[in-house]
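> When you get a sec, could you give me coordinates for this:
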Amino acid sequence: MRALAVHSDVLVVVSRVWQTTAALVRAPAPADAPSGPGAATTPREAFLVDSPVYPDELELTAQVAGQAGFSVAGLLATHGDWDHLLGPLAFPQAALGVAETTAARLTGHSGQAVREMRAFDAEHYVARERGPGLGDVQALPVPGKLELGAGEDAGGSAPRHELELHAADGHTGDGMAIWVPWARVLLCGDYLSPVEIPTWHDADGSRTAYRATLDRLKPLIEQADWVVPGHGGPIDAARALAIWREDVAYVEDWALPIARRDATQQALHERNRAAAGA
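Next up, the predicted model:
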């Protein structure tokens, strides 16, 4: 697992499998908080968005969060694929927030994510001390905003900072992207990946919806310093825009990106075409 700081309030961990990403997002420090090399780090409220996959990675994520002053009070998942839902194994007391569409998906297919995780573990001989479970799942309205942390302004009040939640369906029939405005970081789930082509071949995915999500993401990419896709690690805005253009060309005209043409991506391409009846 790799851990990367893209902002003082955003740490990204990248799993060894599928380069699955997860982000620790912390509320910014109050304006009057001490700064500088000698200043003590006061833990601030944080969310874990998505999850790494292996048990040791989940354990290390919790350790990194504690050491860096990220007090994880809640979990978020960009969508309902199982490899993004393992946060409760690292933070079992935290509730899992998902888009209303994801909550409906998990309610309608409550055992699917668990079965898929168990199948992965069996195939790769992964042993987990704790069994899978989503815990307390909270449905969030999307589009919408989500409060995080509290700071002190000059008048002594405690304003809360807000994450922006944007609809992101197409890869699956559910999901959301998360914009962190004070850090200028976009957490976009399974879109804009530097290692994986767009996919929508599962039962609830949609090529048309995928294209619409790309359009919704573009203004956010243009504001971002960093974009964190669900697979492949953080990328800067310039690279994200280049991938956006490649992905639009793929969704519209089946033009495989030059850097994503290996055998695995070719197989995904064929599944996409079959799902689209092409």
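
> got the contact list for the nearest residue to residue 169 once chain neighbours are set aside?
Closest residue in space to residue 169, ignoring its immediate chain neighbours: residue 209 at 4.9 Å, by CB to CB, 6 or more residues apart in numbering. To be clear about C-beta, it is placed using only N, CA and C from the backbone, and glycine gets the same treatment. Applying CB atoms under 8 Å, 6 or more residues apart in numbering, we find residue 209 in contact with 169, 170, 173, 200.

> can you pull the contacts of the second one?
When you say that, I think you mean residue 170. Residue 170 touches 191, 200, 205, 206, 207, 208, 209, 210, 211, 212, 213, counting by CB under 8 Å, 6+ apart.

> Got a quick ChimeraX command for the buried subset of those?
Applying 16 or more other CB atoms under 10 Å to the contacts of residue 170 leaves a buried subset, and the ChimeraX line that selects it is:
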select :191,200,205,206,207,209,210,211,212,213
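
> So which of the contacts of residue 170 sits lowest on pLDDT?
Of all the contacts of residue 170, residue 205 carries the smallest pLDDT score, 90.

> State the three-state secondary structure for that residue.
What DSSP: H, G, I helix; E, B strand; the rest coil gives for residue 205 is coil.

> where exactly do the helices run in this protein?
55-68, 87-90, 100-108, 112-124, 207-223, 237-253, 263-276 (DSSP state H).

> between these, which one is nearest to residue 78?
Closest to residue 78 of the helices of the chain is helix 100-108 (CB to CB; 8.3 Å).

> which residues of the stretch 101-250 of the chain score low on pLDDT?
Low-confidence segments of the stretch 101-250 of the chain (pLDDT under 70): 108, 110, 131-132, 150-160.

> cutoff 80 now
Across the stretch 101-250 of the chain, the ranges flagged by pLDDT under 80 are 108-110, 130-135, 150-160, 201-203.
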